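K.L.:
Pasting the sequence and the predicted model now:
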Amino acid sequence: MTSSNDRDPSKLRILTLMARHGTARYPTALQDLKAMFAAQMPDVAHHTLVIDNCLPEGRNVQLDREVELIGGSNSSWEFSAWDSGIAHIGERLNDYDLVHLATSAFAEYTPDHLKLIDQDIVRHLSGLNAVLGHIDFFNEPVSMFGIPSQAWLRSSFILMRPRHLQALGSMVGVTDGAPIFSGNPLSPFREDAPVSRPYRQLLIGWLTGAGTGQGPGWHSRFDLTDETLSLFESKARAILNEQMLTNRLLAIGSAIVDVTWLARKAKAADSISLGDIPDWRVQLRPRVGRKFARLLGKPGRGRQP
């Protein structure tokens, strides 16, 4: 890794923590990500740490001057991988202006918003108590662990300041063994699971059925059987972790910012303050168009969805 003494102090410094599970499924993900940064953010000082959940913990390889590779436990998919990456970086985390959390699937699912991320966007973000990504939402609010929620940042590509990671502690908000699953494929959630019943149906629909009512379903959906129950529980917990990450960021006082909204705002303003960031519903209205605009309703109070 390049030492802090070698860096140009005028350049914004971004650390990418990329989680992957081997290279069979997304073989060019690392190269594609590096090309994106080189083309869209050429003046950014960029370092990448790849955490591969297929490799044993303790494995450490220097792939090139600005790319490292370590192994991960895969205990909580990308979330435990990011924990491994943060532990590996240690105090050097504070050498960076922004930390970029990514998965090897970062370019899947309507990736056009990634083309909007450039040097102006990241410079605006570096001065805000805000976390940037693509905001997804459900048609109706759900709740988990007593927290109401409808919108969240897609975990495949998120940018935040190092202090947000430090405030969160672990990236894993829903641990293995949390009292959620029943062990029965016919009714996979416990009766007392801290997940609202509408949310349970959305999870089952997304992973094993026709989706969530917003268009195409998940590309890897499967039948829920004794053989696939473990996969269902693991993937459902990963989705819960994704949404709990946003809930936990909101709880520490951070705003969530949609890439498309910030790109539009950055073009129209020389500076952006925290007070300029509206409720997520307002941010999404121009992006979702008429098809889903009615689902957004009126903004609630504050930034908590």
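P.N.:
Cool, the structure landed.
K.L.:
Which residue ranges of the stretch 51-200 of the chain form helices?
P.N.:
77-89, 119-126, 162-168, 197-208 (DSSP state H, counting those that start in this stretch).
K.L.:
neighbours around the nearest residue in space to residue 168 that is not next to it in sequence, how many?
P.N.:
Closest residue in space to residue 168, ignoring its immediate chain neighbours: residue 248 at 5.8 Å, by C-beta to C-beta, 6 or more residues apart in numbering. The way it works is simple: take the backbone N, C-alpha and C, and place the C-beta from them, glycine included. Here the count is done by other C-beta atoms under 10 Å, and residue 248 has 19 residues near it.
K.L.:
Looking at the nearest residue to residue 53 once chain neighbours are set aside now. What's its pLDDT?
P.N.:
Nearest residue to residue 53, sequence neighbours excluded (C-beta to C-beta, 6+ apart): residue 74, at 3.6 Å. pLDDT, residue 74: 94.
K.L.:
Same question for residue 34.
P.N.:
97.
K.L.:
element containing residue 27, please.
P.N.:
Following DSSP states H and E, there is no helix or strand that holds residue 27.
K.L.:
give me the number of residues near it?
P.N.:
Residue 27: 11 neighbours (other C-beta under 10 Å).
K.L.:
Against residue 104, how distant is it?
P.N.:
9 Å (C-beta to C-beta, to the nearest Å).
K.L.:
can you pull the contacts of residue 13?
P.N.:
7, 44, 45, 47, 95, 96, 97, 98 (C-beta atoms under 8 Å, 6 or more residues apart in numbering).
K.L.:
Quick one, which of those are buried?
P.N.:
With neighbours counted by 16 or more other C-beta atoms under 10 Å, the contacts of residue 13 contain buried members at 44, 45, 47, 95, 96, 97, 98.
K.L.:
packing partners for whichever strand in the chain runs longest?
P.N.:
Of all the segments assigned as strand in the chain under DSSP state E, the longest by residue count is strand 135-144. Contacts defined by 3 or more C-beta pairs under 8 Å, 6 or more residues apart in numbering; DSSP states H and E place strand 135-144 against strand 147-153, helix 197-208, helix 229-251, helix 280-296.
K.L.:
Give the residue spans of the stretch 1-150 of the chain that score low on pLDDT.
P.N.:
Regions of the stretch 1-150 of the chain meeting the criterion pLDDT under 70 cover residues 1-9.
K.L.:
run the last query once more with 50
P.N.:
Residues of the stretch 1-150 of the chain that meet the criterion pLDDT under 50 lie in 2-5.
K.L.:
That one: strands as residue ranges?
P.N.:
For the stretch 1-150 of the chain, the strands defined by DSSP state E, counting those that start in this stretch occupy 13-20, 45-52, 60-64, 67-71, 98-103, 130-133, 135-144, 147-153.
K.L.:
Save the ones you listed as JSON lines, and put in distance to residue 207 too.
P.N.:
Shown next, in JSON lines, are these (distance: least, C-beta to C-beta, whole Å):
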{"stretch": "strand 13-20", "distance to residue 207": "20"}
{"stretch": "strand 45-52", "distance to residue 207": "24"}
{"stretch": "strand 60-64", "distance to residue 207": "33"}
{"stretch": "strand 67-71", "distance to residue 207": "27"}
{"stretch": "strand 98-103", "distance to residue 207": "17"}
{"stretch": "strand 130-133", "distance to residue 207": "22"}
{"stretch": "strand 135-144", "distance to residue 207": "15"}
{"stretch": "strand 147-153", "distance to residue 207": "17"}
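K.L.:
Tell me which of the ones you listed sits nearest to residue 288.
P.N.:
strand 135-144 (8.5 Å; C-beta to C-beta).
K.L.:
circling back: so the residue nearest to residue 53 touches residue 20, yeah?
P.N.:
No. With contact defined as C-beta atoms under 8 Å, residue 74 and residue 20 do not form a contacting pair (10.4 Å).
K.L.:
Same drill for those two, tell me which one is more crowded.
P.N.:
residue 20 (23 against 19).
K.L.:
I'd guessed the more buried one sits against residue 28; true?
P.N.:
No. Under the criterion of C-beta under 8 Å, residue 20 makes no contact with residue 28, lying 11.5 Å away.
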